[in-house]
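A.B. asks: turn this into a structure:
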Amino acid sequence: MNIVDNFLDKSEYDKLYNCVFGKINHTQQFPWFFNDSKIEDVDLDYNFQFVHNVIANSKIESPLVLEVLKPLLNKLKPKGVIRIKINLTTKTHKLIKYPLHRDINIKDEKDIEKLKKDNYKIAIFYMNSNNGYTYFEDGKKVKSVANRLLKFDNIMYHSGTTCTDENQRVVININYEV
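C.D. replies: Model (predicted):
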């Protein structure tokens with residue numbers, strides 16, 4: 001696990017922030033799409049989020065947003081990108097922890113060994129500071145701090161929370177190959 005604060009230069013971060021929290025360009029408002037299941041097959045209050053898929057299954061779905069993400073990707077230096085998804089979780093009255101999961105479905109030990117060998121990683125870029133966090137099976141927590149990048153192995157069980165001190169918690173989730 002690797003944490004880098006102030007990952008982007010201030011001007012790069014500001015441009016990305018203004019895009020995600022406002023407009024992609026001078027005329028187009030940033031589009032959010034309702035996802036009624038944050039974690040599949042879980043019966044839990046507030047198990048929803050708003051998402052914006054930039055890349056899904058290695059296919060570009062949002063070229064304008066991808067352009068704004070280039071400074072982040074240039075610093076991350078992935079060999080390939082499987083998915084980039086921007087997640088917006090709304091404020092709740094009490095902090096809600098979502099169940100641990102892996103971003104890629106792993107059926108058996110052979111899948112785990114292949115993922116280890118193939119060097120797939122996850123990067124979470126925190127767009128805003130709030131009292132939410134990402135947590136891991138071993139109990140480690142990473143606070144949501146604006147312009148922070150968290151990198152870890154794709155096979156690690158992890159999850160996130162809501163926040164109670166801001167209207168939204170926004171993270172950019174990148175599944176990539178190194």
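A.B. asks: how far off centre is stretch 79-86?
C.D. replies: If you compare the mean C-alpha spot of stretch 79-86 with that of the full chain, they lie 10 Å apart, counting by CA atoms, centre = their mean, to the nearest Å.
A.B. asks: buried residues in stretch 125-138?
C.D. replies: Burial within stretch 125-138, assessed by neighbour count using 16 or more other CB atoms under 10 Å, is assigned to 125-130, 132-135. Every C-beta, even on glycine, is put in place using the N, C-alpha and C of the backbone.
A.B. asks: let me have the residues you listed in CSV, adding pLDDT as columns.
C.D. replies: Listed next are the buried residues of stretch 125-138 as CSV, based on pLDDT from 0 to 100:
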residue, pLDDT
125, 98
126, 98
127, 98
128, 98
129, 98
130, 98
132, 98
133, 98
134, 98
135, 98
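A.B. asks: give me the distance between residue 76 and residue 157.
C.D. replies: When distances are taken as CB to CB, to the nearest Å, residue 76 and residue 157 turn out to be 22 Å apart.
A.B. asks: more neighbours, these two?
C.D. replies: Using other CB atoms under 10 Å as the criterion, residue 76 and residue 157 rank with residue 76 on top: 19 against 12.
A.B. asks: ok, now how distant is the more buried one from residue 177?
C.D. replies: Distance, residue 76 to residue 177, by CB to CB: 11 Å.
A.B. asks: residue 94 too?
C.D. replies: 38 Å.
A.B. asks: those strands in this protein, which residues are they?
C.D. replies: 2-4, 33-35, 49-56, 59-60, 80-90, 120-126, 133-136, 141-143, 148-153, 158-160, 168-177 (DSSP state E).
A.B. asks: output those strands in JSON lines, with distance to residue 103 appended to each entry.
C.D. replies: Compiled in JSON lines, those are given as follows (distance: least, CB to CB, whole Å):
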{"stretch": "strand 2-4", "distance to residue 103": "17"}
{"stretch": "strand 33-35", "distance to residue 103": "14"}
{"stretch": "strand 49-56", "distance to residue 103": "12"}
{"stretch": "strand 59-60", "distance to residue 103": "17"}
{"stretch": "strand 80-90", "distance to residue 103": "8"}
{"stretch": "strand 120-126", "distance to residue 103": "6"}
{"stretch": "strand 133-136", "distance to residue 103": "12"}
{"stretch": "strand 141-143", "distance to residue 103": "16"}
{"stretch": "strand 148-153", "distance to residue 103": "11"}
{"stretch": "strand 158-160", "distance to residue 103": "8"}
{"stretch": "strand 168-177", "distance to residue 103": "5"}
